[in-house]
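1. output the structure for:
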Amino acid sequence: MIEPEIIKGLKKRHKNIFPLLFQRSVEHAETTVELFDILEDLPRYPVMWSEEKRKWVHVSDVTLSHRINLLKGS
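-> Have a look, this model is predicted:
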């Protein structure tokens with residue numbers, strides 16, 4: 001668990017980040033260092049979480065239709 005004081009400080013530092021995205025970053029982070037890295041490496045919007053890379057990644061297709069097609073086998 002990340003200390004509330006650290007979260008508060010990072011929230012002040014990254015006040016330009018959408019609040020829900022900030023909260024989801026806190027949920028994904030396992031350590032304070034990881035949370036710092038996630039927030040510092042945030043790409044331009046739109047983004048989605050990559051479990052493989054353990055960070056937010058930029059997506060050009062907001063609908064993610066290419067992933068749906070992969071799942072369908074198209």
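
2. now the helix or strand containing Phe36: average pLDDT?
-> Element membership of Phe36 [criterion: DSSP states H and E] is helix 32-40. Averaged over helix 32-40, pLDDT sits at 97.

3. and that helix, what does it pack onto?
-> Contact here means 3 or more C-beta pairs under 8 Å, 6 or more residues apart in numbering; DSSP states H and E; on that basis helix 32-40 packs against helix 4-13, helix 19-28, strand 55-58. (C-beta placed from N, C-alpha, C; glycine too.)

4. in it, which residues are buried?
-> The neighbour-count check on helix 32-40 (16 or more other C-beta atoms under 10 Å) flags 35-36, 38-39 as buried.

5. what's that helix in contact with?
-> Helix 32-40 has contacts (C-beta atoms under 8 Å, 6 or more residues apart in numbering) with 2-3, 6-7, 10, 13-14, 17, 22, 25-26, 28-29, 54-56.

6. from those residues, list just the buried residues.
-> Restricting the contacts of helix 32-40 to buried positions leaves 2, 7, 10, 17, 22, 25-26, 29, 55-56, with burial counted as 16+ other C-beta under 10 Å.

7. nearest to Met48, out of these: which one, please.
-> Proximity of the buried ones among the contacts of helix 32-40 to Met48 (C-beta to C-beta) peaks at Trp56, which lies at 7.1 Å.
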